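Colleague: what would the 3D arrangement of this be:
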Amino acid sequence: MSEPQIPIPHCPAPLAAALRVLPLAPLSLSLTMFSRKIARNNPGLFQRLGAYARADFVLDPVDLPIVLCLSPDNGRPKVILTRGRGDGVARISGPLAALLGLVHGAFDGDALFFSRDLVVEGDTGAALALRNAVDDAELDLAQEAAAFAGPFSRPVQQLVALAERQTGLCLTRPEDATIW
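Modeller: Predicted structure coming up:
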């Protein structure tokens, strides 16, 4: 008998609505700066991509009206948000909560894939390389954001904790094993 599945929360509707009208260029620039900080703090993350260190990836949170186009560029990443499909060697689609849960080790990628909560299109080898690189880095995006915020790190941590409680999204790395 299989274990019961924990439902994956959906992204809050106000966030999705805001992303329909907000200009994406400033958000893209912010995410690029943030990803470069992560790259400096975790140089092995992009080295682990191997042959895919210059490949472009499309991360498609299906509950948002945008996609993230990630260009690792051999450790100098760039993120472009678009309301179109985006181009890349691999597209990884799923609810935002599932994508964030993968980054934080809260969800098992294989379980998400086989339950069809996560869809991989294109070069599956590239998608697997990205998954393995992120898994090995054991990222905590909330900690990275707090460090990025400098003197405002404490308020950022409090805001992230509040957002996590209110939305059910996995915004930090859980201390225990995967939940799904």
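Colleague: endpoints of stretch 65-73, how far apart?
Modeller: Using CA to CA, to the nearest Å, the end-to-end distance of stretch 65-73 comes to 25 Å.
Colleague: for the remainder of this discussion, apply numbering that starts at 242.
Modeller: Sure thing, new numbering starts at 242, so read that last one as stretch 306-314.
Colleague: just how off-centre is that stretch within its chain?
Modeller: 10 Å (CA atoms, centre = their mean, to the nearest Å).
Colleague: and the helices in the protein?
Modeller: 254-262, 265-282, 284-288, 337-344, 350-355, 365-378, 382-389, 394-408 (DSSP state H).
Colleague: tell me which residues in the shortest one are buried?
Modeller: In this case it means helix 284-288. Using 16 or more other CB atoms under 10 Å as the test for burial, helix 284-288 gives 286-287. (C-beta placed from N, C-alpha, C; glycine too.)
Colleague: got it, and the longest one?
Modeller: Residues 268-269, 272-273, 275-277, 279-280 are the ones in helix 265-282 that count as buried (16+ other CB under 10 Å).
Colleague: if we only consider these, which is nearest to residue 376?
Modeller: Among these, residue 279 lies closest to residue 376 (CB to CB), at 14.6 Å.
Colleague: that closest one and residue 385 touch, don't they?
Modeller: Yes - Residue 279 is within contact range of residue 385, at 5.4 Å (criterion: CB atoms under 8 Å).
Colleague: looking at the helices of the chain, which is buried most?
Modeller: Stretch with highest mean neighbour count among these: helix 337-344 (a mean of 23; mean count of other CB atoms under 10 Å).
Colleague: returning to that earlier point: max pairwise distance over the buried residues of helix 265-282: which two?
Modeller: 268 and 280 (18.4 Å).
Colleague: and residue 393, what pLDDT?
Modeller: pLDDT, the model's per-residue confidence, is 95 for residue 393.
Colleague: for it, give its distance to residue 279.
Modeller: Distance of residue 393 to residue 279, given as CB to CB, to the nearest Å: 18 Å.
Colleague: before we move on, what about residue 288?
Modeller: Applying CB to CB to residue 288 and residue 279 gives a distance of 13 Å.
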